[in-house]
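S.K.: Compute the structure for the input listed below.
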Amino acid sequence: MENNSRVSEFTLVGFTDNQQLEILLFIVLFIAYLSTVLGNTLIIVLTIVNQRLRSPMYFFLRHFAVLEIGFTSVMIPKALVNIAMGHKAISVYGCFVQIFVYFALGSTEFFLLAIMSIDRYVAICNPLHYSSTMTGWNCSLLVLCCWGGGTLLFMGPAVGLFQMPFCGPSTINHFFCDNGPLIRLACADTTLLEYTYFLTAMILLLGTLAIHVISYAKIISTILGIPSAKGRQKAFSTCAAHITVISITYGSCIVLYLRLNKPSEVDYSKVVAVFNTVVSPLLNPFIYCLRNEQFLEKHLQTMYHSLKDSMRVGRTTVRT
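M.R.: Next comes the predicted model:
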């Protein structure tokens with residue numbers, strides 16, 4: 001950190017200087033964050049406890065819920081503390097850690113979403129080979145590759161940013177440490193670093209998006225060939241939630257990172273970043289639970305059998 005010794009901490013501008021508006025923002029962000037953690041924790045618990053939710057699809061969904069909790073926890077708690085304490089500062093080390101974890105978890109999410117599309121492709125287009133292809137070992141290996149790939153992908157750009165000299169000013173016009181506003185504070189030529197971040201993000205987003213497009217093109221072709229209308233509807237229902245999450249996640253990230261990041265557009269980027277880091281993780285549990293008929297059906301069946309067993313035990317106790 002010798003190059004960064006001139007700046008010991010950065011100041012995060014946040015959302016606004018209006019104290020009353022900050023109180024409202026604190027309440028909204030706190031409720032959204034708490035709901036996100038509880039909603040995704042519910043998915044994790046249900047997919048572990050419920051024996052009927054042990055398929056590869058729910059295995060991947062459980063890891064996706066873990067990622068969503070980690071992803072939103074990287075930024076929101078620190079933003080809430082800054083608003084509550086009125087001290088909008090973050091150390092240089094904390095800033096770099098926040099950036100790296102943010103991009104590592106985000107990249108892992110994109111890889112995992114791509115794996116989930118492949119899982120749906122195998123389940124619908126090659127159902128006879130599904131059980132032999134998506135074994136527990138293979139699913140665990142795929143998830144491990146997602147974590148490893150997401151961590152390593154942005155390692156190079158992160159090291160490059162870490163070695164940049166920062167000698168002032170130290171004010172970041174954002175509510176968390178993002179690479180765009182931070183790069184503009186470096187006291188050196190950042191052209192190569194900016195292109196590296198842009199190219200890495202483009203490879204990640206467009207590469208995984210190509211997997212989604214190819215998978216769902218074949219999935220839709222297969223579904224349209226199903227003679228039964230009920231069968232087509234059931235097949236589409238298993239993909240509806242995943243398609244919705246893909247649209248939200250990729251839409252917000254493409255707008256946020258694959259566009260010219262000019263200083264005049266920072267306020268707009270804050271709005272998109274809030275949607276990407278707060279709204280999207282909050283909506284995902286509702287999307288998967290409410291739009292996935294299989295999830296609801298199996299969960300309701302479990303609740304029904306549990307209630308029935310409890311009533312049976314209660315009657316037996318009373319008789320005794």
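
S.K.: Nearest spatial neighbour of the residue nearest in space to the middle of the chain, chain-adjacent residues omitted?
M.R.: With distances taken as CA atoms, centre = their mean, the residue of the chain nearest its centroid is E68 (4.3 Å). Nearest residue to E68, sequence neighbours excluded (CB to CB, 6 or more residues apart in numbering): P281, at 4.2 Å. (Glycine included, C-beta is placed from N, CA and C.)

S.K.: Now do the SS call for the one you found.
M.R.: What DSSP: H, G, I helix; E, B strand; the rest coil gives for P281 is helix.

S.K.: What separation is there between it and L80?
M.R.: From P281 across to L80, the span is 15 Å (CB to CB, to the nearest Å).

S.K.: quick one, which of the two is more surrounded?
M.R.: When P281 and L80 are compared for neighbours, P281 comes out ahead with 27 against 15, by other CB atoms under 10 Å.

S.K.: contacting residues for that one?
M.R.: T36, N40, E68, I69, F71, T72 (CB atoms under 8 Å, 6 or more residues apart in numbering).

S.K.: I'd like the residues you listed as TSV, with distance to S132 appended.
M.R.: Shown next, in TSV, are the contacts of P281 (distance: CB to CB, whole Å):
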residue	distance to S132
T36	36
N40	31
E68	30
I69	32
F71	33
T72	36
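
S.K.: how near is T108 to S221?
M.R.: The value you get for T108 to S221, if CB to CB is used, is 30 Å.

S.K.: For these two, work out which one has more neighbours and name it.
M.R.: Using other CB under 10 Å, the more surrounded residue of T108 and S221 is T108, with 25 against 10.

S.K.: for whichever strand or helix holds the more buried one, the distance to its chain's centre please.
M.R.: Using DSSP states H and E, T108 sits within helix 92-125. Offset of helix 92-125 from its chain centre (CA atoms, centre = their mean, to the nearest Å): 7 Å.

S.K.: after that helix comes which helix or strand?
M.R.: According to DSSP H and E, the helix or strand after helix 92-125 is helix 130-133.

S.K.: Which strands or helices does that following helix pack on?
M.R.: If you count contacts as 3 or more CB pairs under 8 Å, 6 or more residues apart in numbering; DSSP states H and E, helix 130-133 packs onto helix 92-125.
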